[in-house]
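Undergrad: Structure for the following, please:
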Amino acid sequence: MTTIADVAKLAGVSVATVSRTLHGSTRVEPRTRERVLAAAAELHYVASPTATSLASGRTNVVAVVAPMMSRWFFASIVTTIEQALREHGYHTLLIVLGDRPGQEQERLQPEMFVKRVDGILWLNVATTPEETALLERLALPMVCVGAAIDGAPTVLIDDRQAARLAVEHLLGLGHRDIAYLGTAVQSTAHMSTPAARVEAFRDSLRVAGLPVHAEWVLDIDWTAAAAAAAIEPVLRGIPRPSAVLAASDEMAIGVLGTARRLGLRVPEDLSVIGIDDHTFAGVLGLSTVRQDVPAQGRAAVTMLLEAMNAEDLDGDPVSRIELATSLVPRDTTAPPP
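TA: Now for the predicted structure:
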């Protein structure tokens, strides 16, 4: 039977290097990693999961905790995370805590994690004080994406910049009457995002010397259906906004549907811009502010691998990565009528 020593001999490296490579350590040189993996493949070496776990105390499993999987952001980032972890020899344990606004979340329990996972990726989930205390007691390496937990490394985008880019685009086209959708925080999907984006929206209008119409800043859930229903009385009103900034592309798509149903031409009568660069945004010609979701997933995996292999690191691991957003003007924004 092939052993890890046989792989080390064929690859010309130490047993420790083979072990680090097969456990996904980020401190193995790429060429060395390729040599080790090629040797393992040639010898048909497969480490016994039970023996490996007993010897190292590791499971080679990472828990990915998300509030839902029905939204584009979470489906996209989990796909990227699963692929990246698999490339480093890890499996994914997906824990979904709740899928609807107002729905009571499944409570975190120690048995979800103890002796089952080596680390946790936390995807924009709000926690209770009791759950935060539980995570601290578990003392597992953890990386957050979006909403942060004190002390945990975090990957996020600049939400204020995202909203500011959208507003500045509309102002540059000449718009002065702008509505905003998406300030609700009751959805666990976005604990901190709504506040950052709506604050930037208000601040950008004030800097431009323009009023913020409170009745046009809508407190809704982040769905196309909610946006479609909420924007209708605004678009029927007199006066009505010449442009709408939706805090997500899914909501912007809802606005497009209502505008079409009311006989409003986009962008001739109404400009619409979202944030995300959703899969459907390009197909629909939706102007948006792009966030790179796969980059967030890859960065989070890299940070977690570093935390789980801290003994291999020189110096302290990175504690925060903030990714920039970018404006993508398409067909749904134009100068006001």
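
Undergrad: where does stretch 83-92 sit relative to the chain's centre, distance-wise?
TA: Distance of stretch 83-92 from the chain centroid (C-alpha atoms, centre = their mean, to the nearest Å) equals 18 Å.

Undergrad: Let's test this: mean pLDDT of that stretch, rounded?
TA: When pLDDT is averaged over stretch 83-92, the result is 93.

Undergrad: just stretch 44-64 next, same as before
TA: For stretch 44-64, mean pLDDT rounds to 69.

Undergrad: which SS class is V167?
TA: helix (DSSP: H, G, I helix; E, B strand; the rest coil).

Undergrad: was I right about it contacting L245?
TA: Yes: using C-beta atoms under 8 Å, V167 is in contact with L245, at 6.4 Å. The way it works is simple: take the backbone N, C-alpha and C, and place the C-beta from them, glycine included.

Undergrad: More neighbours: which of the two?
TA: Using other C-beta atoms under 10 Å as the criterion, V167 and L245 rank with L245 on top: 30 against 25.

Undergrad: helices or strands up against the helix or strand encompassing that one?
TA: Using DSSP states H and E, L245 maps to strand 243-246. With contacts taken as 3 or more C-beta pairs under 8 Å, 6 or more residues apart in numbering; DSSP states H and E, strand 243-246 sits against helix 159-173, strand 178-181, helix 249-261, strand 271-276.

Undergrad: Mind listing the strands the shortest one pairs with, and their directions?
TA: I take that to be strand 178-181. Under the criterion DSSP bridges, strand 178-181 sits next to strand 217-218 (parallel), strand 243-246 (parallel) in its sheet.

Undergrad: dump the residue contacts of G285.
TA: 330-332 (C-beta atoms under 8 Å, 6 or more residues apart in numbering).

Undergrad: immediately after the lowest-mean-pLDDT helix or strand in the chain, which helix or strand?
TA: Least confident helix or strand, the chain: helix 49-56 with a mean of 50, by mean pLDDT, DSSP states H and E. Moving toward the C-terminus from helix 49-56, the next helix or strand (DSSP H and E) is strand 61-66.

Undergrad: helices or strands next to that next one in the packing?
TA: Under the contact criterion of 3+ C-beta pairs under 8 Å, 6+ apart, strand 61-66 touches helix 72-87, strand 91-96, strand 119-123.

Undergrad: Can you dump the C-alpha atoms of the last one in PDB for me?
TA: The C-alpha trace of strand 119-123 is given here as PDB (Å, rounded to 0.1, in the frame of the first residue of the first chain):
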ATOM      1  CA  GLY A 119     -12.900  26.700  10.300                       C
ATOM      2  CA  ILE A 120     -15.900  28.800   9.600                       C
ATOM      3  CA  LEU A 121     -16.800  31.200   6.700                       C
ATOM      4  CA  TRP A 122     -19.500  33.600   7.900                       C
ATOM      5  CA  LEU A 123     -21.600  35.100   5.100                       C
END
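
Undergrad: one step back: I'd like the contacts of G285 as a markdown table, with secondary structure, neighbour count and pLDDT appended.
TA: As requested, those are exported to a markdown table (DSSP: H, G, I helix; E, B strand; the rest coil; neighbours: other C-beta atoms under 10 Å; pLDDT from 0 to 100):
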| residue | secondary structure | neighbour count | pLDDT |
| --- | --- | --- | --- |
| R330 | coil | 15 | 98 |
| D331 | coil | 12 | 98 |
| T332 | coil | 24 | 99 |
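
Undergrad: Identify, from these, the entry nearest to G237.
TA: Nearest to G237, judged by C-beta to C-beta, of the contacts of G285 is T332 at 20.6 Å.

Undergrad: these two touch, right, the closest one and S271?
TA: Yes: using C-beta under 8 Å, T332 is in contact with S271, at 6.5 Å.

Undergrad: low-confidence ranges in the stretch 151-300 of the chain?
TA: 183-194 (pLDDT under 70).

Undergrad: Next, find the distance separating the residue lying closest to I273 once chain neighbours are set aside from L97.
TA: Closest residue to I273 apart from its sequence neighbours, by C-beta to C-beta, 6 or more residues apart in numbering: S287 at 4.5 Å. Counting by C-beta to C-beta, to the nearest Å, the gap from S287 to L97 is 33 Å.

Undergrad: Which residues does the residue nearest to A252 when sequence neighbours are not counted form beta bridges with?
TA: Spatial nearest neighbour of A252, chain neighbours left out: G274 (3.2 Å); criterion: C-beta to C-beta, 6+ apart. Following DSSP bridges, G274 is listed with bridge partners T288.

Undergrad: Show the contacting residues for G274.
TA: If you count contacts by C-beta under 8 Å, 6+ apart, G274 has them with 166, 245-253, 281, 286-289.

Undergrad: Secondary structure element holding S204?
TA: Counting by DSSP H and E, S204 is part of helix 193-207.
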